[in-house]
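Peer 1: Here's my sequence, what's the structure:
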Amino acid sequence: MLPVELIIYVFFVYILAGFVKGVVGVGLPTISLAMLAIFLGLKEAMLILLAPSLTTNLVQALAGGRLYELTKRLWLFLLSLFLLTWFSTGVLVAANGNMLKIGLGIILLLYCASYFSQVKIPKLSRKEKWLSPLMGGLTGVTTGLTGTFVVPGVLYLQRMELNRNALVQAMGLSGSVATISLGVSLGGRGVLSNELLFTSCCMVIPALLGMVLGNIVRSKIDEGLFRKLFFFSLSAIGMGIVISAVSNLN
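Peer 2: Next up, the predicted model:
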């Protein structure tokens, strides 16, 4: 059983992560894994992530009225995302935990760097047919190894010229597929823990609470300023994770 102090910490982490997701449409796995990996192993943090991530992503995916249209357009991306997430999780199970934390930290720093440098994937136009499975596969690799699908998945979705609501729905759909694949793969490899799964189910409540609060705040604050604060904070967390994991290797 996790210590009471740690459970309380996890509870507030998921309120914060849900809040960020409610405001910008993405960030629950990124924030929760980054903050939990400081005190837990990445594998344990990913197990706790499963239920709140799937629930909030399904809520996001089902809202907006464009689910069929987005699924039809993104099916190659989603299929390769599912398959490569499942495959890469096999590496996660066998890999050194500190090396995985370093990978997570690097992914977070790359995500932040793409924001601050304004680096973007070129406009898709006719390239979408072959870029979708490629980007889905690459995103599946990073999801399976680190639990977060922001690089290059979110960057790719942002270049699809979707309106704001459709983009949020597309990120929810992609996050749902990634989380299902992660759960199926971890379950199939026998690493699911009943204790951590119970904790994961309990964290659905604070995640949804935070998401509701974020949705309310979204229309009342400057999203650009919030994004800057988000990425500055994420950069600091990413550097902290890398430094901590490297020192543990020694």
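Peer 1: all helices for this structure, in order.
Peer 2: 4-24, 28-36, 42-62, 67-94, 97-116, 128-146, 155-158, 164-188, 194-202, 204-218, 223-249 (DSSP state H).
Peer 1: Can I get stretch 61-69 as PDB, trimmed to CA atoms?
Peer 2: Extracted in PDB, the C-alpha atoms of stretch 61-69 (Å, rounded to 0.1, in the frame of the first residue of the first chain):
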ATOM      1  CA  ALA A  61     -12.900  12.400 -27.600                       C
ATOM      2  CA  LEU A  62     -16.700  12.100 -27.300                       C
ATOM      3  CA  ALA A  63     -17.300  15.800 -26.900                       C
ATOM      4  CA  GLY A  64     -17.500  17.900 -30.100                       C
ATOM      5  CA  GLY A  65     -19.600  15.900 -32.500                       C
ATOM      6  CA  ARG A  66     -16.800  15.100 -35.000                       C
ATOM      7  CA  LEU A  67     -15.700  11.600 -33.700                       C
ATOM      8  CA  TYR A  68     -16.600   9.700 -36.900                       C
ATOM      9  CA  GLU A  69     -15.000  12.400 -39.200                       C
END
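Peer 1: Show residues contacting it.
Peer 2: Here stretch 61-69 makes contact (C-beta atoms under 8 Å, 6 or more residues apart in numbering) with 165-166, 168-169, 172-173, 175-176. The way it works is simple: take the backbone N, C-alpha and C, and place the C-beta from them, glycine included.
Peer 1: want to try CSV for these, with pLDDT and neighbour count as columns?
Peer 2: Listed next are these as CSV, based on pLDDT from 0 to 100; neighbours: other C-beta atoms under 10 Å:
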residue, pLDDT, neighbour count
165, 80, 13
166, 87, 18
168, 83, 22
169, 90, 23
172, 89, 24
173, 93, 24
175, 90, 29
176, 93, 21
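Peer 1: Nearest to residue 55 among those?
Peer 2: residue 176 (9.4 Å; C-beta to C-beta).
Peer 1: give me the number of residues near residue 103?
Peer 2: 19 (other C-beta atoms under 10 Å).
Peer 1: which residues sit against stretch 5-25?
Peer 2: Residues contacting stretch 5-25 (C-beta under 8 Å, 6+ apart): 2, 27-32, 35-36, 39-40, 48, 52, 56, 60, 167-168, 171-172, 199, 203, 206-218, 221, 223, 226-227, 230.
Peer 1: same question, stretch 239-250
Peer 2: For stretch 239-250, using C-beta under 8 Å, 6+ apart, the contacting residues are 34, 37-38, 98-99, 101-102, 104-106, 108-109.
Peer 1: Would you list the buried entries among the contacts of stretch 5-25?
Peer 2: 2, 27-32, 35-36, 40, 48, 52, 56, 60, 167-168, 171-172, 199, 203, 206-211, 213-215, 218, 226, 230 (16 or more other C-beta atoms under 10 Å).
Peer 1: For stretch 234-250, give the mean pLDDT please.
Peer 2: For stretch 234-250, mean pLDDT is 81.
Peer 1: do stretch 183-190 as well
Peer 2: On average, stretch 183-190 scores 84.
Peer 1: ok, back up a step: now, of the helices of the chain, which is deepest in the fold?
Peer 2: Per residue and on average, the most neighbours among the helices of the chain fall to helix 28-36, with a mean of 26 (mean count of other C-beta atoms under 10 Å).
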